[in-house]
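J.: let's see this in three dimensions:
(one chain, ligands or ions: 2)
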Amino acid sequence: MTKLSVNVNKIATLRNARGGNVPDLLKVAADIERFGGQGITVHPRPDERHIRYQDTRDLKKIVTTEFNIEGNPNPKFIDLVLEVLPDQVTLVPDAEDAITSNAGWDTIKHKDFLTEVIRKFKDAGIRTSIFVDPDTKMVEGAKATGTDRIELYTESYATGYPSDKKSAIKPFIDAAKKANELNIGINAGHDLSLDNIHYFSQNIPGLLEVSIGHALICESIYLGLDNVVNMYLNKLK
Ligand SMILES: CC(=O)[C@@H](O)[C@H](O)COP(=O)(O)O
Ligand SMILES: NCC(=O)COP(=O)(O)O
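T.: Ligands and ions are numbered 1, 2, ... in the order given. Next up is the predicted model:
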């Protein structure tokens, strides 16, 4: 079964637009779990433009499903994660000024750094995941760092899906087969949506978890959060 982890960055974006506490991030996260969401994901960025570091501390107290923190493991991020102790940490190689995540790790070039960071988090009892492009060499490189899982960066799948879904998914199937062969768990995320999620989850062997934020919150404007969470759960069956 593939778990649905809902990324609540966009709820924080909306809240921050007015400076108050509407919408209430903690209430939305609790409601997502009540509606059936199986995890909550956040991606605090250095400028705290959506999720604030304090949000991760507050969420940790109330999230009862799986709490996943994503981000670039700079010293401040590492300290935060070791303080909050989420269920899972996902390492993403974002530039400080990135609008959103735009690439996976070069796990070969950064092997020593990733191995050291993964060790720190695993010693603290946190499951680790490394964000990678769908490239079998990067999956092999991830394995060498000792990570528990990879997160496949699905932007290219989402972009290619409308015109040629078979070609768009091919590198992801190959990467997933490699991960299964090497016994690393598989997560996936970025630009997944109600349109493209079913085909992806049906075709990726051993897909453990998807984290979805931008599209899910946008779809909820029209369809309602409870309804949308359940639509995803049905498509992931
Ligand atoms: C790693 C990943 O693909 C997501 O976490 C994405 O980066 C969401 O971040 P933003 O909400 O800042 O776009
Ligand atoms: N790891 C991907 C994620 O958390 C959500 O990405 P998106 O759905 O906001 O593109």
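
J.: tell me the SS of the nearest residue to residue 146 once chain neighbours are set aside?
T.: In space, and not counting its chain neighbours, residue 146 is closest to residue 118: 5.1 Å by C-beta to C-beta, 6 or more residues apart in numbering. Just so you know, the C-beta spots here come from the backbone N, C-alpha and C atoms, and that holds for glycine as well. When classified by DSSP: H, G, I helix; E, B strand; the rest coil, residue 118 comes out as helix.

J.: same check on residue 94?
T.: coil.

J.: which strands and helices sit next to the one helix or strand residue 41 maps to?
T.: For residue 41, the host element (DSSP states H and E) is strand 39-42. Taking 3 or more C-beta pairs under 8 Å, 6 or more residues apart in numbering; DSSP states H and E as contact, the helices and strands that strand 39-42 lies on are strand 3-7, helix 25-35, helix 53-62, strand 66-71, strand 207-212.

J.: rerun at 7 Å
T.: For strand 39-42, the elements it packs on are strand 3-7, helix 53-62, strand 66-71, judged by 3 or more C-beta pairs under 7 Å, 6 or more residues apart in numbering; DSSP states H and E.

J.: ligand 1: which of the ones you listed is closest?
T.: Distances from ligand 1 to each of the helices and strands packed on strand 39-42 were compared using C-beta to the nearest ligand atom; the shortest belongs to strand 66-71, at 4.6 Å.

J.: and stretch 57-73, is it in reach of ligand 1?
T.: Yes - under the criterion of C-beta under 6 Å from any ligand atom, stretch 57-73 makes contact with ligand 1 via residue 70.
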